[in-house]
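Q: pasted the sequence and its predicted model underneath.
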Amino acid sequence: MPSHDIDAVRLELLERVKVSETPRDILRAPEFKDLYSAIGSLSPEEKGPYGKSINELKQAIEAAVDERVAILESGEVVALDVTAPWDANSTRPDFLPTDEGSQHPLTKEMDNVIDIFTRMGFEAVESRQIDDDFHMFGSLNFPENHPARDGYDTFRTEEGFIPPAHTSTMQNRILVAGKERLEAGGQIAAISYGRVFRNEDVDATHEHTFHQSEGVFVSKDATLGQMLGTLRNFFEVYYGQSLRIKTQPAYFPFVEPGLEFMIEKPAVLGGKDGEWLEMLGCGMVHPNVLEAAGIDSKKYRGFAWGMGVERLVMLKYGIEDLRHFESAKLNFLRKFA
C-alpha cells in the first residue's frame, strides 16, 4: 500500500479524534485493520518500511487520543475558530464591517443617561442580575401581599432568588453604603442602572427583559422642589431644549408622596403645545425605606425616581416596536451605526 494512503488515514483519524466524545474507540477503527491486512501483499523489501509507518501512525493517534481524553476529563472548553470561513456553497453572510462597529442603541443611550446624572453629581452603580426578596421587596416597603411579589409578575428561581424586576433593588445597598457619609454632614446621591426582568407577554410595547435607571438622593433638607428641578434638568439636557413639567399623584410603596412625572412633548418628537408625556414615577423616599437602611427618618429625608431606558430611546428616535432592540436585525442596528 503506498505511503500516501497511510498519510490519508492519519489525517482522517486525527480529525475524528479532535471532535470525538469517545476517542479511545478510534484506536479500534477498521482503517487500522485494513492497513495491517495490506502487509501480506507487499514484497519483503516493502514490509519493513511499511510496518514502521503503521507503528508511527498508531503512536500519533494514541498521543492524540490521550490528549483528547485529558481535555474531556478536565472539562476544558475547546475554543471554536470564529474566523473560519462559511461553507463554500453558502451565500456570504451580510456582516457588519469589523472596522466600522458601533454600540447598540441601548448601550449608547444608557451611557448618555449615566453621563448626564454623573455630571450633576450622582454616583453611578450598576444593578444586579439576581437578588433576594429583602432587597427586591422587603427593604422597599412592599407589603407581604403586594401583587408584584406574585409569580405572575416577577420571576423567581427554584432557590427563591429573583432576577430583579426593577433597579430599585440597589437602593438599600446605596443607602447603607452612604450612611456614614450622610452622618458626617454629607449627602447620598446615586443612580442605579441595568437590565431588569418581568413576567410579561412580549408585544410591541412589552418585553420580559428591558433596562431601567433609577436615582436616590438623601440629605437633611431634601425637597420635592429639588427632585423636580433635578428631573427637569435631566430631560432638558437629554432632549436638548427647555421643557415644561407637571406631576400628578400616584402610589408606589417606596415613596410618600408618590408622583407621576410628565414633560411637555419635545419638539424633536413632533410635540405641540398642550401635549404631555408621562416619563417616570418618583416621590419622597418613604420613612420605612430609610429606616430599613439604618437611617433616622426623623433627621434625614430623600427623593427617588425610576424610569425605563427603552421608552426614552423609543421616543427619541421614533422607534415603534420595543422588540426591535432584542431582534439583532442589522437593518435596525445600522440606523445607529
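A: Looks like it came in fine.
Q: when you work out contacts or count neighbours from here on, use the C-alpha atoms and nothing else.
A: Fine.
Q: shaky segments in the stretch 101-250 of the chain?
A: Filtered on pLDDT under 70, the stretch 101-250 of the chain yields the residue ranges 101, 146-152.
Q: show me the strands in it, by range?
A: With DSSP state E, counting those that start in this stretch as the criterion, the stretch 101-250 of the chain has strands at 123-126, 188-197, 209-219, 245-250.
Q: adding distance to residue 298 and mean neighbour count, write those out as CSV.
A: Compiled in CSV, the strands of the stretch 101-250 of the chain are given as follows (distance: least, CA to CA, whole Å; neighbours: other CA atoms under 10 Å):
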stretch, distance to residue 298, mean neighbour count
strand 123-126, 25, 17
strand 188-197, 16, 22
strand 209-219, 11, 23
strand 245-250, 23, 15
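Q: bridging residues for the residue sitting nearest the centre point of the chain?
A: What sits nearest the mean C-alpha location of the chain, by CA atoms, centre = their mean, is residue 195, with 6.0 Å. Here residue 195 sits in beta bridges with residue 211, going by DSSP bridges.
Q: let's number from 55 now, not from 1
A: Got it, the first residue is 55 from now on, which makes the last one we talked about residue 249.
Q: what sits against it?
A: Counting by CA atoms under 8 Å, 6 or more residues apart in numbering, residue 249 touches 181, 182, 183, 221, 263, 264, 265, 266.
Q: would you turn the strands of the stretch 155-304 of the chain into TSV with distance to residue 211?
A: Shown next, in TSV, are the strands of the stretch 155-304 of the chain (distance: least, CA to CA, whole Å):
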stretch	distance to residue 211
strand 177-180	21
strand 242-251	12
strand 263-273	16
strand 299-304	31
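Q: for residue 63, find the nearest of the ones you listed.
A: strand 263-273 (51.1 Å; CA to CA).
Q: which strands or helices does the closest one pack on?
A: helix 225-237, strand 242-251, strand 355-362, helix 363-371 (3 or more CA pairs under 8 Å, 6 or more residues apart in numbering; DSSP states H and E).
Q: indicate which one of the ones you listed is closest to residue 281.
A: Among the helices and strands packed on strand 263-273, strand 355-362 comes nearest to residue 281, with 6.4 Å by CA to CA.
Q: count of neighbours near residue 79?
A: Residue 79 has 11 neighbours, counted by other CA atoms under 10 Å.
Q: picking that back up, so which of the helices and strands packed on strand 263-273 is nearest residue 305?
A: strand 355-362 (12.5 Å).
Q: what angle do the closest one and helix 225-237 make?
A: Here strand 355-362 runs at an angle of 150 degrees relative to helix 225-237 (axes from the mean of the first three to the mean of the last three CA atoms, to 10 degrees).
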